[in-house]
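Student: Quick one: sequence and predicted model below, then my questions.
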Amino acid sequence: NRFIDSDGKVFAEKLSFMRNSNDGNIWINTWDRTLKLYPDQKKIEEVVKFDIGIGAICEDKTGLLWIGTDVGLICYDTKNKNSIRFSYDAEDTATLGGNAVGDIFEDGSGNLWIIANSTLNKYDRIKKKCIRWSGKVGLPLGFFKAIDDAHGNLWIFNGDAIKYNPVTGEAKVFADVKFG
């Protein structure tokens, strides 16, 4: 995977993640930068570059870009071009459960969920802190992917499929689900 500029020079390699943008275009993460693809214009724009590995991306309903890296979570404001980094701190339970962020998504209620070091975390937008959900609310550790459904449940994959209702705390494991 190579992205080549108009002079024929490679400016980005190693595509790691893609997701639709709120405006109908496409966010692309490479190993160290976030790009925006405008398919109708046949144009790619570099949005931000970091000297760290990028593994996940989510644009929330307000337009903030949440970027998962191997050293934590970055909230990037594309309008003001500034960022805030959230990282794991063993002494502070209101931080991510780890720094290797593998998945980020915003549920239908506007809650931001982060999987970091295989732990499920919810971002508290008011306190600007993370709440670690894995292990302490009846959920096991070891998550890889998560999505929500139309009923407000989280579906979490860790080898099994787990249906979790964050309001009631009810979790149901579907160990007999066959994938593929």
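Tutor: Ah, there it is.

Student: what's the neighbour count on Asn165?
Tutor: The number of residues packed near Asn165 is 13, by other Cβ atoms under 10 Å. C-beta here means a position set from N, CA and C on the backbone, and glycine is covered the same way.

Student: swap that for Phe157, sorry
Tutor: When neighbours are counted by other Cβ under 10 Å, Phe157 comes out with 17.

Student: try Thr62
Tutor: Neighbours of Thr62 using other Cβ under 10 Å come to 10.

Student: before we move on, what about Leu15?
Tutor: Neighbours around Leu15, by other Cβ under 10 Å: 14.

Student: hang on, isn't it packed against Asn29?
Tutor: Yes. Using Cβ atoms under 8 Å as the test, Leu15 is close enough to Asn29 to be in contact (7.4 Å).

Student: any weak-confidence spans in the protein?
Tutor: Along the chain, segments meeting pLDDT under 70 span 1-13, 134-143, 176-180.

Student: mind checking the SS state of the most centrally placed residue in the chain?
Tutor: Central residue of the chain (Cα atoms, centre = their mean): Ile104, 2.0 Å from the mean position. The assignment at Ile104 comes out as strand when based on DSSP: H, G, I helix; E, B strand; the rest coil.

Student: what's the distance between it and Asn158?
Tutor: 17 Å (Cβ to Cβ, to the nearest Å).

Student: what about the residue nearest to Lys129 when sequence neighbours are not counted, neighbour count?
Tutor: Counting by Cβ to Cβ, 6 or more residues apart in numbering, Lys129 lies nearest to Ala94, which is 3.9 Å off, once chain neighbours are set aside. As a burial measure, Ala94 scores 12 neighbours (other Cβ under 10 Å).

Student: Lys128 is in contact with Ala94, correct?
Tutor: No. With contact defined as Cβ under 8 Å, Ala94 does not reach Lys128; the gap is 9.4 Å.

Student: Give me the nearest residue to Asp107, chain neighbours excluded.
Tutor: Asp148 (4.0 Å).

Student: okay, now Trp113: neighbour count?
Tutor: 22.

Student: My read is that it contacts Lys145, right?
Tutor: No. Using Cβ under 8 Å, Trp113 is not in contact with Lys145; the gap is 10.7 Å.

Student: so what sits against both of these two?
Tutor: Counting by Cβ atoms under 8 Å, 6 or more residues apart in numbering, the contacts common to Trp113 and Lys145 are Asp103.

Student: Which strand or helix spans the closest residue to Val101 other than its chain neighbours?
Tutor: In space, and not counting its chain neighbours, Val101 is closest to Gly68: 3.0 Å by Cβ to Cβ, 6+ apart. Assigned by DSSP states H and E, Gly68 falls within strand 65-69.

Student: Tell me which helix or strand comes right after that strand.
Tutor: strand 72-77.

Student: That following strand - contacts with which helices or strands?
Tutor: Contacts defined by 3 or more Cβ pairs under 8 Å, 6 or more residues apart in numbering; DSSP states H and E place strand 72-77 against strand 65-69, strand 82-86, strand 101-106, strand 112-116.
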